[in-house]
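> sequence below, structure please.
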Amino acid sequence: MKLFIKLIRNLLGGLIALVDVITRGSKKKRPPEAQKAVNEATQDLALYQLFACPFCTKTRRAMYKLNLPIEKRSVAQGSAHREELEQGGGRVKVPCLRIEKDGQVEWMYESNDIIRYLEQRFA
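Numbering: from 1, shown residues only. The predicted structure follows:
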């Protein structure tokens with residue numbers, strides 16, 4: 001039964017991700033210099049995520065629309081990124097945005113909080 005539920009969850013998550021790719025629209029357009037500055041600013045960000053997670057899909061969709069090349073790190077079972085998230089953030093919960101600023105690291109959970117942060121910083 002547990003395996004069946006996991007299979008259904010992954011199928012639904014994959015379907016949500018597919019619909020996202022088909023319907024996501026266009027990226028935010030910026031002048032080349034402004035996009036270069038955004039690209040540099042996103043070097044200190046990383047999204048810990050699972051491909052089939054609907055909340056991760058929602059967050060990735062916002063990143064796409066804002067044209068933010070943020071590194072995506074999978075926290076699937078056995079992944080080194082899973083251990084990083086647990087040690088750094090204190091728990092394995094996705095999505096989680098790792099924000100490094102002035103040598104300090106912040107771990108931001110909750111898709112709505114992450115999207116609000118990205119919109120305020122980069123919109």
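
> let me know the secondary structure of residue 22.
Using DSSP: H, G, I helix; E, B strand; the rest coil, the structure places residue 22 in helix.

> ok, now which ones touch it?
Contacts for residue 22 (CB atoms under 8 Å, 6 or more residues apart in numbering) come out as none. To be clear about C-beta, it is placed using only N, CA and C from the backbone, and glycine gets the same treatment.

> ok, residue 30 touching residue 67?
Yes. Between residue 30 and residue 67 there is a contact at 6.8 Å, judged by CB atoms under 8 Å.

> tell me, what residue is most central in this structure?
Geometric centre of the chain, nearest residue: residue 47, 3.9 Å, by CA atoms, centre = their mean.

> which element is that residue on?
strand 45-49 (DSSP states H and E).

> just checking, what packs against that strand?
Strand 45-49 is packed against helix 54-65, strand 71-74, helix 80-89, strand 96-101, with contacts defined by 3 or more CB pairs under 8 Å, 6 or more residues apart in numbering; DSSP states H and E.

> let's see it at 10 Å
helix 54-65, strand 71-74, helix 80-89, strand 96-101, strand 104-109, helix 111-122 (3 or more CB pairs under 10 Å, 6 or more residues apart in numbering; DSSP states H and E).
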